Each structure stands twice: as structure tokens, then as C-alpha cells.
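Novice: Next come a sequence and a model predicted from it.
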Amino acid sequence: MIRPGSTKATNNDGKYTSLKTALREYAFLNTKQPFILDCFAGDSVLWKAISKKLNTEIKRVTIDADKRFNADFNCDAKKFLKTNDISKFNIIDLDSWGSPVSYLEYVFKSDFKGFVICTYCSPVSLNPDKILAKNYFGNIYEKTNKKSLLAKNIGAMFKEYLIDKNITDYKGLISKNKIYCIFEIK
């Protein structure tokens, strides 16, 4: 799927589809009465696969800014997270094309409790977003040449960000340049 104004597909890397599906299945099976907020629903390929595999209906609210998708809300997920009570959900799916960190900021500021599924697969290779870089580099971030941050270890920065948010346990892949993970906010 190609987003308007983009030449990059939003389905990320196809070789990680089984991992992404397994993370969602784990969240679904380890949650009582799962109620999912899918912030970048697209065609809902992953959740449809889990529904079929488990032979069950999945209660889910879908968001996608692209009006071509039949989402419950065609809007910016960040605005939805900021202006709605997300505490009624117990799984949040942040499979964005790019960094999920600015969205996570709203999740961590809310009363949400449950699993968060994250993807960080940036079209700008290994370029950390501002929130992640400021968290990792601290005060020197403002004084440095931002180009020097390119090709840094996104995985290490993301782990540090999670630790700062009191998240010390995760499942999935957090490598130098790709993140497909799940963690629980208690």
C-alpha cells in the first residue's frame, strides 16, 4: 500500500509479518476481553489473520488518516490519542510507518493500562525522531549538529526511552535499525 504523497509502502518489511502477527496474537491471548485501538489500521491485514487463525471476532476500533480505508475514524491517530479517553482499551497497536514515539507520549500520559504494540521502521534510515534523540542524548541534543545523530542505534535509544517510562520488559525485536515489539503498561 502506498500512502498519498509517499513513494514508500506502509506495510513495512514483509519478512517480519510472522513476528508482527505473533506479537498481536500474544497480546490478544494474554488479555481478558481484548479491546483494541488500532491506530494505523490500513487494510487490517494482521488483525484479520489473527481473527481467522483463532476463529474469533476481534473487538477493535480502527483509525487511519487515509480515507481510502474503511476505518472507524479517518483522522490523525495523534489527535485521537490526545482528545479521547483511551483507558477503555487494553491493547493499542502503533504500527506506524516511522516512529511511534510521539504517539507513545500520549499513551504514557493517559490512564491506559494494557499492551502496546510498536513498530519503528523509518523511511529515513536510522534517523531518530526528536523526542527519542532528546531523551537519549539529554542536554547535548540541543547543542549538537543534528546530522551527527544519523546512523545511531535506534534500538538502544528506544530501550532507554522505555526504561525512562518504567518499561523494563518487552517481547519482539529491538535491533539497531528495526523495532517490532510489545510491552505492557501496568
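Specialist: Arrived safely, thanks for sending.
Novice: Strands of the chain, residue ranges please.
Specialist: All strands of the chain, identified by DSSP state E, fall at 36-38, 60-62, 91-95, 114-120, 170-174, 179-185.
Novice: Contacts for the second one next, please.
Specialist: Counting contacts by Cβ atoms under 8 Å, 6 or more residues apart in numbering, the residues outside strand 60-62 that touch it are 35-38, 41, 44, 47, 69, 71-73, 89. Bear in mind the C-beta positions are built from the backbone N, C-alpha and C, glycine included.
Novice: Check the fourth one too.
Specialist: Contacts of strand 114-120 from elsewhere in the structure, counted by Cβ under 8 Å, 6+ apart, are 12, 20, 23-24, 26-27, 30-31, 89-96, 98-101, 104, 107, 154, 158, 178-185.
Novice: Mind giving me the PyMOL command for buried ones among those?
Specialist: Isolation of the buried members of the contacts of strand 114-120 (16 or more other Cβ atoms under 10 Å) is achieved in PyMOL through the command below:
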select buried, resi 12+20+23+24+27+89+90+91+92+93+94+95+96+98+99+100+101+104+107+154+158+178+179+180+181+182+183+184+185
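Novice: can you name the two of the contacts of strand 60-62 that are farthest apart?
Specialist: For the contacts of strand 60-62, with distances taken as Cβ to Cβ, the pair at the greatest spread is 35 and 69 (20.1 Å).
Novice: so where's this protein shaky on pLDDT?
Specialist: Low-confidence regions of the chain, defined here as pLDDT under 70, cover residues 1-13, 122-128, 140-151.
Novice: Mind jotting down where the helices sit in the protein?
Specialist: Using DSSP state H, the helices of the chain run over 17-29, 45-54, 77-83, 101-109, 130-137, 140-143, 154-164.
Novice: re earlier: which single one of the contacts of strand 60-62 is nearest to residue 132?
Specialist: Taking Cβ to Cβ as the measure, residue 132 lies nearest residue 37 of the contacts of strand 60-62, at 21.9 Å.
Novice: and the closest one, how far is that from residue 80?
Specialist: In this structure, residue 37 and residue 80 are separated by 8 Å, where distance is defined by Cβ to Cβ, to the nearest Å.
Novice: Show me which of those two is the more surrounded one.
Specialist: A direct count of neighbours by other Cβ atoms under 10 Å for residue 37 and residue 80 places residue 37 higher, at 27 against 19.
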